[in-house]
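Trainee: Sequence isn't available, so here's the structure alone:
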């Protein structure tokens, strides 16, 4: 049986479907109407893949480990790896404690005030769409925070042992991180006399800044260090964000420069989440 | 591959999407993008003996939007458009040579990449990716279509 060209009725149906798709696209892009459904699907897939892995792969790997008579050693190794990641992040905070907090008293006050017995919560990366990270503008990461208390982490800073990664924008069974490189993310950064609101570029590891020579007459140089200013109220101040990697003149007065980030989200499976005040 | 079942196609598309999410981060480093999910769906419609309903394409597009975390409606619109084009030219394709069909599919794939990047990657829109993907996809499809001459058992009837 040969195929016939679409009739006017089916053409109208095609037109209707395309129009409806365009309408849904408009709703999603402008109003994020389907964000909840997407997050639900995401958390469902993460939990189910975890469950499936636990039922199917884990028993076999456990038997394999027993057969190798190294179970204890492997467990210990895993624990040590987790502890090591934990200590890397602790060291990162301690080595910069004067930047996260004004003095020791401030740390103590902060911890007492919030009944915190540790400066950060360890979290494990559950899902990270590397395809989107390399190709597209939306850079998000989904994590599972190891936390017994009922704390709302929305707005919390996320770090790894290299520096700041981003902030939490959604916190239910899994937490969603908006990375610094996401195009919808803005972080105020500072260096010497320069201040700018750096926007995510959508490229991996790069954020971008625009400034006018009329406002900031001092030139920016390649390799110049930029730090968080702390002015947005989200991130701690004076944490190294990155180095200037390229500078482009847009016109006679406006300059655009890229900052290459020091922190790489692909570096470690474990990250730290700071509690917000 | 005549009139593949709904469930079968759903599973194939799910696997194709998984494969795409695995391959894309590697290929994008050399400016290549292969929309495997879109191509699988297009091929299923192309090989079908009957015209595909618009709702069928629309719902499959929505399904892909959900599983690939694209903006909702993007794939639904593109799948509907592709289904319409293939259905409209289904008889004309019989006059086409293998090379022409390969070029049609690589052109469609490039259109898909360009159109979807307008929504998900406008800030870093790259003509280089489009150009290299067009060339790469054309050669890839030609190689795939030539396989049936060397391995007749692979022919999809």
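Mentor: That came in fine, so what should we check first? Remember, it's a predicted structure, so these values are computed and weren't measured experimentally.
Trainee: where does chain A have its least confident helix or strand?
Mentor: Ranking every helix and strand in chain A by mean pLDDT, DSSP states H and E puts helix A:97-100 at the bottom, with a mean of 54.
Trainee: pLDDT score assigned to residue A:208?
Mentor: pLDDT recorded at residue A:208 is 93.
Trainee: Also residue B:11?
Mentor: 93.
Trainee: Kindly report the same for residue B:148.
Mentor: 81.
Trainee: quick one: which helix or strand includes the residue nearest the centre of chain B?
Mentor: Residue closest to the mean C-alpha point of chain B, counted by Cα atoms, centre = their mean, is residue B:39 at 1.6 Å. Element membership for residue B:39 (DSSP states H and E) is helix B:36-47.
Trainee: Quick one: residues in contact with that helix.
Mentor: Residues from elsewhere that reach helix B:36-47, judged by Cβ atoms under 8 Å, 6 or more residues apart in numbering or on different chains: B:1-2, B:4, B:9, B:12-13, B:16-17, B:19-20, B:23, B:52, B:57, B:60, B:64, B:68, B:75, B:78-79, B:82-83, B:86-87, B:90, B:93, B:105, B:108-109, B:112, B:156. (Each C-beta comes from the backbone N, C-alpha and C, glycine too.)
Trainee: Narrow the residues you listed to those that are buried.
Mentor: Burial of the contacts of helix B:36-47 was assessed by neighbour count (16 or more other Cβ atoms under 10 Å in any protein chain shown); the buried members are B:9, B:12-13, B:16-17, B:20, B:52, B:57, B:60, B:64, B:68, B:75, B:78-79, B:82-83, B:86-87, B:90, B:105, B:108-109, B:112.
Trainee: Which ones, among those residues, also lie beside chain A?
Mentor: B:20, B:57, B:83, B:87, B:90 (Cβ under 8 Å from any Cβ of the partner chain).
Trainee: Could you pick out which of these are located in helices?
Mentor: Mapping these onto helices (DSSP state H) picks out B:20, B:57, B:83, B:87.
Trainee: quick check, nearest of those to residue B:140?
Mentor: Taking Cβ to Cβ as the measure, residue B:140 lies nearest residue B:20 of those, at 13.9 Å.
Trainee: from memory the closest one sits against residue B:35, does it?
Mentor: Yes: look at residue B:20 against residue B:35 with Cβ atoms under 8 Å: they come within range, at 7.1 Å.
Trainee: now the closest residue to chain B within the stretch 151-277 of chain A, what's its secondary structure?
Mentor: Residue nearest to chain B within the stretch 151-277 of chain A: residue A:202 (4.4 Å; Cβ to the nearest Cβ). What DSSP: H, G, I helix; E, B strand; the rest coil gives for residue A:202 is coil.
Trainee: Can you check the pLDDT for the closest residue to it other than its chain neighbours?
Mentor: Nearest residue to residue A:202 in three dimensions, chain neighbours excluded: residue A:137, at 3.6 Å (Cβ to Cβ, 6 or more residues apart in numbering or on different chains). Looking at residue A:137, its pLDDT reads 87.
Trainee: ok, so what distance separates residue A:137 from residue B:121?
Mentor: When Cβ to Cβ, to the nearest Å is applied, the distance between residue A:137 and residue B:121 equals 5 Å.
Trainee: Next: residue B:11.
Mentor: In terms of Cβ to Cβ, residue B:11 sits 28 Å off from residue B:121.
Trainee: What of residue B:19?
Mentor: Residue B:19 sits 20 Å away from residue B:121, going by Cβ to Cβ.
Trainee: The stretch 1-150 of chain A: helices as residue ranges?
Mentor: Along the stretch 1-150 of chain A, counting by DSSP state H, counting those that start in this stretch, helices occupy A:8-31, A:35-52, A:58-67, A:71-95, A:97-100, A:104-113, A:130-135.
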